[in-house]
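Novice: predicted model follows, preceded by the sequence.
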Amino acid sequence: MTPETLDLVAGWVSLVLTLLVFSYLLADNVLYRLAIHVLVGAAAAYALIVATESVIKPWLDETLLVESAGRDEATVMALRAVGPVPFLVGVLLLFKASPRLAGVGNLGLALVIGVGVAVAIAGAVSGTILPLTRETGQAVDDSVVEGLIILVGTISTLIYFQFFAVERRGVVQRPRGLRSLSALGQFFVTATLGALYAGAILTSLAVFSDVVRAQLEFVLNRLGG
Amino acid sequence: MGSHRLIRLLSSVLVISLGLTTLVGLSTAEGTPPADFAAFVLSLVMVIAAVAVFVGVINLLAVHLGRVRRAERGWPYSLLAVIVALGVIALRIADRAELWSGDLEGEQLSERAFEAVQVSLESALAGLVLFFLVYAAYRLMRRRVTVWSLVFTGALLLALIGWIPLDGAEVLADARAWFIRVTVGGGARGILIGVGLGTVAAGVRVLTGQDRSIRG
């Protein structure tokens, strides 16, 4: 078998799988379900491969299987001692499957949640809140009218987020002075979601046309010899 | 103190202490002990996540094999999923062991299979989404028409029609560009800052021990 034959086989496999997926447009059918289960199997296997080759193996190489050349004894001992820790935590997570021992599993989860919360807070502050607040102020410097509209849009959207609202008898109520600003915020949020929806349609249109073009090219090349 | 209460207390202490030290480490300059500690626990969590993925995939395959063994409804699909998964893993092992010879020497068949199977299926599914998005937008207007559904549809149409490069309709493209830059710019910033503030509020609740869902 040559690489060219492999390309041909890959092309046919790709074409058949694409047609199986598009058969869903007619109705949910056996062909579509076959394609989806092929995807499940392949995705699971690739997730396993990436997790093993990109994370677990390098970790083992740098800790449990670390070579002592060029390192002092204490460092090597410390690295080898820390090596099994994530695997032990992984074992702790398995306890979550048992209702009686789920509390033990929480210990493993606690480590993940503690670090995850810290990363989320640091990321939200330094990656979202500060840069976007700075950009919003900058927009006013660049163009006063547009900048002011952006500023009003940002502030009214935040007010619409119910930070100042209280719930009484199942009805969300805002302070009277903020109600009109909140309605303005609802306008900005709705318009933004509409534009994002249009973006999603355009993106899927681009993907769809690309898939159809690639498969048509393959078929036409085969027909043309 | 019962063992359950002790474990709950330990969980809370672990979440708060690790969260605060990692947060301090992420906020300090590289090379300092807190930053090194944060980098260490981050790599630890990354390996834990990989171990969780590993266990999850094994569990998935075990569930599908169980369905095949019990001949449950739809078992041939499960068998197909297991065969494909084992086939991809076998291909990867063969690639790593450099088993291919002759014309195929040096080939990475698992990567070719990834392109032919995974990329093709995901692209086709992403393309399929187009039909559902358009149908859902149509259904929105078929239901009760409100001011907000009109605003949504208006924004959607402006963003779509303005995108079409029509001769003599540059004003539409300009209107779309202004709308995206100003209106959507303001709304998107508000949404993102709101999500950020919500994340910080939820995180602070966990780190101050007010959110005790971790204790089970």
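Specialist: Ah, there it is. Everything numeric here is computed off the predicted structure, so don't read it as measured data. Numbering: from 1, shown residues only, chains lettered A, B, ... in the order given.
Novice: and for residue B:201, the neighbour number?
Specialist: Taking other Cβ atoms under 10 Å in any protein chain shown as the criterion, the count of residues near residue B:201 is 12. Using the backbone N, CA and C atoms, a C-beta is placed for each residue, glycine as well.
Novice: mind giving me the packing neighbours of the strand or helix carrying it?
Specialist: Under the criterion DSSP states H and E, the helix or strand holding residue B:201 is helix B:185-207. For helix B:185-207, the helices and strands in contact under the criterion 3 or more Cβ pairs under 8 Å, 6 or more residues apart in numbering or on different chains; DSSP states H and E are helix A:102-123, helix A:130-142, helix A:144-160, helix A:176-223, helix B:3-27.
Novice: what is the rounded mean pLDDT of the third one?
Specialist: Looking back up the chat, that one is helix A:144-160. Per-residue confidence for helix A:144-160 averages out to 92 on the pLDDT scale.
Novice: ok, then the element right after that helix?
Specialist: Toward the C-terminus, helix A:144-160 is succeeded by strand A:166-168 as the next helix or strand (DSSP H and E).
Novice: quick one: that next one near chain B?
Specialist: No - applying Cβ under 8 Å from any Cβ of the partner chain, one finds strand A:166-168 out of contact with chain B, separated by at least 15.9 Å.
Novice: what sits up against that strand?
Specialist: Counting contacts by Cβ atoms under 8 Å, 6 or more residues apart in numbering or on different chains, the residues outside strand A:166-168 that touch it are A:172-173.
Novice: what does stretch B:166-182 give?
Specialist: Under the criterion Cβ under 8 Å, 6+ apart, residues A:146, A:149-150, A:153, A:191, A:195, B:155, B:158-159, B:161-165 lie in contact with stretch B:166-182.
Novice: out of the helices and strands packed on helix B:185-207, which is closest to residue B:83?
Specialist: Counting by Cβ to Cβ, residue B:83 lies closest to helix A:176-223 out of these; the figure is 24.7 Å.
Novice: please state the offset of that closest one from the chain centre?
Specialist: Between the centre of helix A:176-223 and the centre of its chain there are 18 Å (Cα atoms, centre = their mean, to the nearest Å).
Novice: please tell me how far residue B:146 sits from residue A:181.
Specialist: Taking Cβ to Cβ, to the nearest Å as the measure, residue B:146 falls 20 Å from residue A:181.
Novice: more neighbours: which of these two?
Specialist: For residue B:146 versus residue A:181, neighbours defined as other Cβ under 10 Å are more numerous around residue A:181 (19 against 9).
Novice: so, low pLDDT: which residues of the chain?
Specialist: Unless you meant another one, I'm taking chain A. A:163-165, A:225 (pLDDT under 70).
Novice: switch to chain B, that's the one I care about
Specialist: Screening chain B residue by residue with the criterion pLDDT under 70, one finds the ranges B:1, B:212-216.
Novice: repeat that with 90
Specialist: The model of chain B has pLDDT under 90 over residues B:1-12, B:14, B:29-31, B:55, B:97-109, B:115, B:137-146, B:162-172, B:208-216.
Novice: I'd like the next helix or strand past the strand or helix carrying residue B:151.
Specialist: Residue B:151 belongs to helix B:147-161 when assigned by DSSP H and E. Beyond helix B:147-161 on the C-terminal side, the first helix or strand identified by DSSP H and E is helix B:170-178.
Novice: that following helix versus helix A:176-223: what angle between them?
Specialist: 120 degrees (axes from the mean of the first three to the mean of the last three Cα atoms, to 10 degrees).
Novice: ok, back up a step: and of the helices and strands packed on helix B:185-207, who's closest to residue B:53?
Specialist: With distances scored as Cβ to Cβ, the stretch of the helices and strands packed on helix B:185-207 nearest to residue B:53 is helix A:102-123 (12.9 Å).
Novice: what helices or strands is the closest one leaning on?
Specialist: The helices and strands touching helix A:102-123, judged by 3+ Cβ pairs under 8 Å, 6+ apart, are helix A:85-94, helix B:3-27, helix B:33-69, helix B:185-207.
Novice: pull out the buried residues from stretch A:42-56.
Specialist: The neighbour-count check on stretch A:42-56 (16 or more other Cβ atoms under 10 Å in any protein chain shown) flags A:42-49, A:51-52, A:55-56 as buried.
Novice: off-centre distance for that stretch?
Specialist: Here stretch A:42-56 shows a centroid-to-chain-centroid distance of 17 Å under the convention Cα atoms, centre = their mean.
Novice: distance of the residue lying farthest from the centre of chain B relative to chain A?
Specialist: Centroid-distance maximum for chain B: residue B:168 at 41.8 Å, with Cα atoms, centre = their mean. Residue B:168 sits 22 Å away from chain A, taking Cβ to the nearest Cβ, to the nearest Å as the criterion.
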